[in-house]
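*Asks:* give me a 3D structure for the following:
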Amino acid sequence: MTHTDAGAELDPVHPVPIPPARAHGLSTAEVAERVARGEVNDVPVRSSRSLGEIVRANVFTRFNAIIGVLWLIMLFVAPLQDSLFGYVILANTGIGIIQEWRAKQTLDSLAVIGEAKPTVRRDGAAVEVSTSGIVLGDLIEIGPGDKVVVDGECVEADGLEIDESLLTGEADPVVKRPGDAVMSGSFVVAGGGAFEATKVGREAYAAQLAEEASRFTLVHSELRTGISTILKYVTWMMIPTAIGLVISQLVVKQHGFKDSIARTVGGIVPMVPEGLVLLTSVAFAIGVIRLGRKQCLVQELPAIEGLARVDTVCLDKTGTLTEGGMDVTELRPLGGADETYVRKVLGALGESDPRPNASLQAIITAYPDSEEWRCVESLPFSSARKYSGASFSEGNGESSTWLLGAPDVLLGADDPALAETGRLNEQGLRVLLLARVSGELDDPGVVREASATALVVLEQRLRPDAAETLAYFAEQHVQAKVISGDNAVSVGAVAGKLGLSGQVVDARQLPADQEEMAKSLDEGTVFGRVTPQQKRDMVGALQSRGHTVAMTGDGVNDVLALKDADIGVSMGSGSEATRAVAQIVLLNNSFATLPSVVAEGRRVIGNITRVATLFLVKTVYSVLLAVLVVCWRVEYPFLPRHLTLLSTLTIGVPAFFLALAPNTERAQPHFVRRVMRYSIPGGVIAGAATFVTYLIARHYYTGKGSLGAETSAATLTLFLISMWVLAIIARPYTWWRVTLVASMGAAFVVVLIVPWLQHFFALKLVGVTMPWVAVGISGVAGVLLEVVWRVVDRRGSA
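*Replies:* A predicted model of the protein is given here:
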């Protein structure tokens, strides 16, 4: 609430003149002094980590340590070809670092574009600076939708109301007056003012709370958590198996020490799914780069994955389904009111608000201010109140007080003006009521005395891409719920124009109980007259029913719901507060970008599930082979070079292409369970069939060089079964998938027929009988794989 008087710098509640020096802000020299002293707002970047952190995360991993030690051993005891696996790890790590660095550069450049620029007063003039450019003692101006970026003390207040619920949990906005403290992380819901920065950088309240939570959050995705769980299981399996294999090869079998070491390492290395974490990181990183090209800023990487799991999208109408601007299409005086006088009132109301919203901006454009009228008191618009107001001295000695807001809030249910409003709402038009009152503006009961004077009819501009995007979500079986503070009938009409049908509900009739509210939300599609707190409650009610909820919005009234939703999506033109809490910011303000984000998430989840199955089949058969070798007390059938060849052709190269391929499958929950139920039977069949071939070959081949022939037969079996697994994973087939699988098979054939490659990889099929036995066993194992995986499929979908 403000009482303004030309030439006086007085606060309405504490009428003490604000010292001129304080009102003018810091001087350039004072700013320079504070920068020199380090009193700047140096805070961590939300969505990025340094090059050093990226390198450490990719290099210093548990499995890199295991592989690194084994590689060093092999460099001393075996030929170069048995150390190839180490160079593969180096290449993998390098690729991971490069891709994450590219993703970091994309994120950082987009973050600069989307960064809010607080307005500070320096040398008596208002200037925009970056958040990191604020210094201690700066005078920062704030208005509706602005986020409080540092802690401070309120210096000026013009009906200033701040929402601190994200910090304190208190739902009601707090009225701020000069001398009151303001906390970083809160945001302005009504009015305006200025505050002096008293704590900046890491000393600020929100920075202390959020420094860890708001840093690079790749590791907290469901996908990454699932992979970590799998790697934990793998480690538990590896340790005892590796110990048994070492003892078996070095103590039980009496043959060359170096050969024993090589075969022991050959048994341990394939147990490590070393490329799985790399490919997950690369898939995320490339997703960020792809979305960055579409002007989509991913502030938290799991949001790519999260939006793909969403089954309910809550859409704010204004700024999401409609563009931000509006146009006044009609002015309807009521009760014989003089239209010329009404135009003057609307012009004065527009001038009374220094930070008008979209509706008031349209009125300002249509009705210029009358210079004779002077505002003596004002009430800023609030989403919770649904109206704004002002008192004027009209220049002829008369004074008057007016409210402008929602007709169904300002008028009684039986007022005849509401019938006219309803007809306009049915056409999708927004209607505001201009009403004269005689009471005090700050009295909540002032609306009871409202006298309807005129209806202001506004037309909203529909986003051209909104209908297509809603149709996409419908095709993908994602529910769309339109949640708006506007009149329910009007919102329903707008949704209808975009092809969204369903029950229209006035949110004032919604039950407060979460269970009952959830039931109403399941039945309804369009909800009007929703308060900011209700939006938050509605998101919680949907989540209580097991829904994964995305919320889109651009206004300050969407902040609480965006924060609580599983995925918050903000428009780039939205308020500073909404952009700060959202995980995804659409910098081009295009609602049509959302399907791209969903598609990217589905690509990441679906492809990593496929690729994880490939890697873990290898881990399972490696562990099983090691156990069988220990139990039978025989030489391990492979040298490291054999498994490097197999891994490259049946897992490494194909997995890279499969991980980055298009994939539109809807994301499924229970990642670990789904991967393991395919990997375990697949790995058991592959390991058992390979060992059977190896045992038969041991009886078939005798004499010098028999171990090499036995290894070659076992390698052929394992390659053919691994190819079968790859062929299943690559479905449904496209031309490039068929080409990929065929080229891997052709590469193995080349190794078998080119003499120097035979020697390099120690692979030579001896005779005709045993190779055909290997092929036959592989065929039986392949058929068994098909049967088992189809049974698993049926049980999974049941």
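*Asks:* so which bits of stretch 635-653 are buried?
*Replies:* Buried residues in stretch 635-653, counted by 16 or more other Cβ atoms under 10 Å: 635-652. For every residue, glycine as well, the C-beta is placed using N, CA and C.
*Asks:* again with stretch 477-487
*Replies:* 478-487.
*Asks:* now render the residues you listed as CSV, adding distance to residue 86, pLDDT and secondary structure.
*Replies:* As requested, those are exported to CSV (distance: Cβ to Cβ, whole Å; pLDDT from 0 to 100; DSSP: H, G, I helix; E, B strand; the rest coil):
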residue, distance to residue 86, pLDDT, secondary structure
478, 46, 89, coil
479, 50, 91, strand
480, 52, 91, strand
481, 53, 93, strand
482, 57, 92, strand
483, 55, 91, strand
484, 59, 86, coil
485, 61, 83, coil
486, 63, 82, coil
487, 68, 84, coil
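*Asks:* which pair of those residues spans the longest distance?
*Replies:* The distance between the two most remote of these (Cβ to Cβ) is 26.0 Å, for 478 and 487.
*Asks:* give the buried residues for the host helix or strand of residue 609.
*Replies:* Secondary structure assignment for residue 609, by DSSP states H and E: helix 594-632. For helix 594-632, the neighbour count (16+ other Cβ under 10 Å) marks 594-630 as buried.
*Asks:* between the helix or strand immediately after that helix in the chain and helix 594-632, how many degrees?
*Replies:* Next helix or strand after helix 594-632 toward the C-terminus (DSSP H and E): helix 640-647. Calculated by axes from the mean of the first three to the mean of the last three Cα atoms, to 10 degrees, helix 640-647 forms an angle of 150 degrees with helix 594-632.
*Asks:* what's next to the next helix or strand after helix 640-647, contact-wise?
*Replies:* Where DSSP H and E defines the elements, the next helix or strand beyond helix 640-647 is helix 653-659. Residues from elsewhere that reach helix 653-659 (Cβ atoms under 8 Å, 6 or more residues apart in numbering): 275, 279, 282-283, 607-608, 610-611, 614-615, 726, 729-730, 736, 740-741, 744.
*Asks:* if you set the cut-off to 10 Å instead, what comes out?
*Replies:* 92, 95, 275-276, 278-280, 282-283, 286, 603-604, 606-608, 610-615, 647-648, 651, 722-723, 726-727, 729-730, 736-737, 739-741, 743-744, 747 (Cβ atoms under 10 Å, 6 or more residues apart in numbering).
*Asks:* buried residues, the helix or strand following that helix. List them.
*Replies:* Downstream of helix 653-659, the next assigned helix or strand under DSSP H and E is helix 671-700. For helix 671-700, a neighbour-count test (16+ other Cβ under 10 Å) marks 671-672, 674-698, 700 as buried.
*Asks:* which secondary structure element of this structure has the lowest mean pLDDT?
*Replies:* When the helices and strands of the chain are scored by mean pLDDT, DSSP states H and E, helix 205-210 comes last with a mean of 52.
*Asks:* look through this structure and report the residue furthest from the middle.
*Replies:* Distance from the C-alpha centroid of the chain peaks at residue 703, with 62.4 Å (Cα atoms, centre = their mean).
*Asks:* could you check how far that residue is from residue 173?
*Replies:* Residue 703 is 89 Å from residue 173, where distance means Cβ to Cβ, to the nearest Å.
*Asks:* how about the buried residues of stretch 477-487 in CSV, adding distance to residue 239?
*Replies:* Formatted as CSV, the buried residues of stretch 477-487 follow (distance: Cβ to Cβ, whole Å):
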residue, distance to residue 239
478, 44
479, 47
480, 50
481, 50
482, 55
483, 52
484, 57
485, 59
486, 62
487, 66
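*Asks:* which of the residues you listed lies closest to residue 506?
*Replies:* For the buried residues of stretch 477-487, the nearest to residue 506 is residue 487 (8.4 Å; Cβ to Cβ).
*Asks:* give me the distance between the residue positioned nearest the centre of the chain and residue 597.
*Replies:* Centroid-nearest residue in the chain, with Cα atoms, centre = their mean: residue 303, separated by 1.8 Å. The gap separating residue 303 from residue 597 is 8 Å, by Cβ to Cβ.
*Asks:* identify the contacts common to those two.
*Replies:* In contact with both residue 303 and residue 597: 291, 296, 550, 567, 569, 584, using Cβ under 10 Å, 6+ apart.
*Asks:* need the contact list for the fifth one.
*Replies:* For residue 569, the contacting residues are 296, 303, 307, 310, 313-315, 320, 550-554, 558, 562, 578, 582-586, 591, 593-594, 597, taking Cβ under 10 Å, 6+ apart as the criterion.
*Asks:* and with 6 Å instead?
*Replies:* 552, 582, 584 (Cβ atoms under 6 Å, 6 or more residues apart in numbering).
*Asks:* sorry, back to before: wait, which of the shared contacts of residue 303 and residue 597 is closest to residue 713?
*Replies:* Using Cβ to Cβ, those come closest to residue 713 at residue 291, 48.5 Å.
*Asks:* which other helices and strands contact the helix or strand the closest one falls within?
*Replies:* Under the criterion of DSSP H and E, residue 291 resides in helix 274-293. Contact here means 3 or more Cβ pairs under 6 Å, 6 or more residues apart in numbering; DSSP states H and E; on that basis helix 274-293 packs against helix 84-114, helix 594-632, helix 653-659.
*Asks:* which one of those lies nearest to residue 75?
*Replies:* Here helix 84-114 is closest among the helices and strands packed on helix 274-293 (Cβ to Cβ), at 7.5 Å.
*Asks:* what residues of that closest one count as buried?
*Replies:* 84-86, 88-89, 92-93, 95-97, 99-100, 103-104, 106-107, 110-111, 114.
*Asks:* circling back to that earlier point, for the helix holding residue 609, what is the distance to the chain centroid?
*Replies:* Computed by Cα atoms, centre = their mean, to the nearest Å, the separation of helix 594-632 from the middle of its chain amounts to 24 Å.
*Asks:* that helix versus helix 671-700: what angle between them?
*Replies:* 40 degrees.
*Asks:* could you check the angle helix 594-632 makes with helix 274-293?
*Replies:* Using the same axes, to 10 degrees: helix 594-632 against helix 274-293 is 180 degrees.
*Asks:* list the helices and strands helix 594-632 packs on?
*Replies:* In terms of contacts (3+ Cβ pairs under 6 Å, 6+ apart), helix 594-632 is packed against helix 222-247, helix 274-293, helix 302-309, helix 653-659, helix 671-700, helix 706-729.
*Asks:* try it again with 7 Å
*Replies:* If you count contacts as 3 or more Cβ pairs under 7 Å, 6 or more residues apart in numbering; DSSP states H and E, helix 594-632 packs onto helix 222-247, helix 257-268, helix 274-293, helix 302-309, helix 466-475, helix 653-659, helix 671-700, helix 706-729.
*Asks:* between those helices, which gets nearest to residue 189?
*Replies:* Nearest of the helices and strands packed on helix 594-632 (Cβ to Cβ): helix 302-309, 25.4 Å.
*Asks:* adjacent strands (with direction) for the following helix or strand past the closest one?
*Replies:* Sequence order places strand 312-315 as the next helix or strand after helix 302-309, per DSSP H and E. In the sheet, strand 312-315 lines up against strand 479-483 (parallel), strand 549-553 (parallel) (DSSP bridges).
*Asks:* for residue 189, which of those strands is the nearest?
*Replies:* Nearest of the strands paired with strand 312-315 (Cβ to Cβ): strand 549-553, 13.8 Å.
*Asks:* pull the CA atoms of the closest one into PDB?
*Replies:* Taking C-alpha atoms only, strand 549-553 is exported to PDB below (Å, rounded to 0.1, in the frame of the first residue of the first chain):
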ATOM      1  CA  VAL A 549       4.200 -34.700 -12.600                       C
ATOM      2  CA  ALA A 550       5.700 -32.000 -14.700                       C
ATOM      3  CA  MET A 551       4.600 -28.400 -14.200                       C
ATOM      4  CA  THR A 552       5.000 -25.600 -16.700                       C
ATOM      5  CA  GLY A 553       4.600 -22.000 -15.900                       C
END
